[in-house]
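S.K.: kindly return the folded structure for what I paste below:
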Amino acid sequence: MAKSKSKPQRRSASKSKRAANNAASGDVLERIATVLERLAPRRAAAADFDAADAFIWHPDGRLAPVARVNRVEMSLLKGIDRVRDVLVENTERFAKGLPANNALLWGARGMGKSSLVKATHAGVNAELGIGKSSRSLKLIEIHREDIDSLPALMALTRGSPHRFVVFCDDLSFDAEDTTYKSLKAVLEGGIEGRPDNVIFYATSNRRHLMSRDMMENERSTAINPGETMEEKVSLSDRFGLWLGFHRCSQDEYLAMVDGYVAHYKVPARGEALHREALEWSTTRGSRSGRVAWQFVQDLAGRLGVALKN
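M.R.: This next block holds a predicted model:
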């Protein structure tokens, strides 16, 4: 009959088993720590604002410099003279350190809302002669889906000697989207508020930034529907300037085409050019600056002309 293991042998086996378990647990904890470290947001590094005049904000805290901004010359933006003058004046005041308002550029698609913001930034820097210097006006684009990281961007720019236009293109909010509350707090109403050296410009197809379905759904489920509607509308109230963009007339559309053709030296003029341009707009079902530019691109391609600034 086999004898059972002695107590010292049993103790030794038990210790070995515990050591193996501890080693395995340590490996698991180390792997968990590694995963958590990867998931944790990286601390924003100090930005080099002298690297460029324009940047793109990434939600991990990075500001990517843009060496060459994709912009349209101010002189090529037709049919928006009034809103152009208002935005340029507002931006000039801000660049000089004077009071200025956040601006919401809303309305018809393809009428130059984002193009006007970029052209205004370049024009104001050139007009004030501040270019790439310690006093230059910087343009930072933040994407719609990254709006919830806006407070981190504000913290990064606060206290900088530069002045910043933070720009969001095609801003709007749909059902179950609560990031608009972060935007409201940053623009006005939060304990810190918007830094004195930052102004916020946004473009949108919606005047109140909310879809009609979203606003009606919120009102139908609220205890006090009136207060809910006021909260939704109050987001656009954070913008001191509401600049409306409307569909262009036929004459304005043809003026846009003529402007692009002359600027890029495309060999086409007169009634034949206008007839082709109108046919193009008919096939697109609309007239706008974007449609005019797309027509000129097609025309230049057919004529073998490179479009270079």
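
S.K.: okay, stretch 165-175 in PDB with CA atoms only?
M.R.: What follows is stretch 165-175, C-alpha atoms only, in PDB (Å, rounded to 0.1, in the frame of the first residue of the first chain):
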ATOM      1  CA  VAL A 165     -10.100  81.700 -34.700                       C
ATOM      2  CA  VAL A 166     -11.400  78.200 -33.800                       C
ATOM      3  CA  PHE A 167     -13.500  77.000 -36.800                       C
ATOM      4  CA  CYS A 168     -15.900  74.100 -37.100                       C
ATOM      5  CA  ASP A 169     -17.300  73.400 -40.500                       C
ATOM      6  CA  ASP A 170     -20.800  71.900 -41.000                       C
ATOM      7  CA  LEU A 171     -21.700  72.000 -37.300                       C
ATOM      8  CA  SER A 172     -25.100  70.400 -36.400                       C
ATOM      9  CA  PHE A 173     -26.500  68.100 -33.800                       C
ATOM     10  CA  ASP A 174     -28.800  65.100 -34.200                       C
ATOM     11  CA  ALA A 175     -31.000  63.000 -31.800                       C
END
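
S.K.: buried residues in it?
M.R.: Using 16 or more other C-beta atoms under 10 Å as the test for burial, stretch 165-175 gives 165-169, 171-173. For the C-beta atoms, the positions are set from N, CA and C on the backbone; glycine is no exception.

S.K.: just stretch 287-301 next, same as before
M.R.: In stretch 287-301, the ones that count as buried by 16+ other C-beta under 10 Å are 287-293, 295-296, 299-300.

S.K.: averaged pLDDT, it. What do you get?
M.R.: Rounded to a whole number, the mean pLDDT of stretch 287-301 is 96.

S.K.: try stretch 170-187
M.R.: 74.

S.K.: got it, and stretch 143-163?
M.R.: Stretch 143-163 comes out at a mean pLDDT of 90.

S.K.: helices or strands up against the helix or strand residue 154 falls within?
M.R.: In the assignment (DSSP states H and E), residue 154 maps to helix 150-157. For helix 150-157, the elements it packs on are strand 163-168, helix 180-187, judged by 3 or more C-beta pairs under 8 Å, 6 or more residues apart in numbering; DSSP states H and E.

S.K.: show me how far the last one is from its chain's centre.
M.R.: Okay, so that is helix 180-187. 14 Å (C-alpha atoms, centre = their mean, to the nearest Å).

S.K.: the next helix-or-strand element following it pairs with which strands?
M.R.: Downstream of helix 180-187, the first helix or strand assigned by DSSP H and E is strand 198-204. Counting by DSSP bridges, the strands paired with strand 198-204 are strand 103-107 (parallel), strand 163-168 (parallel).

S.K.: need these in TSV with distance to residue 249, can you?
M.R.: Shown next, in TSV, are the strands paired with strand 198-204 (distance: least, C-beta to C-beta, whole Å):
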stretch	distance to residue 249
strand 103-107	15
strand 163-168	28
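
S.K.: out of the ones you listed, flag the one nearest residue 47.
M.R.: strand 163-168 (10.6 Å; C-beta to C-beta).

S.K.: which outside residues touch that closest one?
M.R.: 57, 91, 94-95, 97, 114, 117-118, 121, 135, 137-144, 147, 150, 153, 157, 197-203 (C-beta atoms under 8 Å, 6 or more residues apart in numbering).
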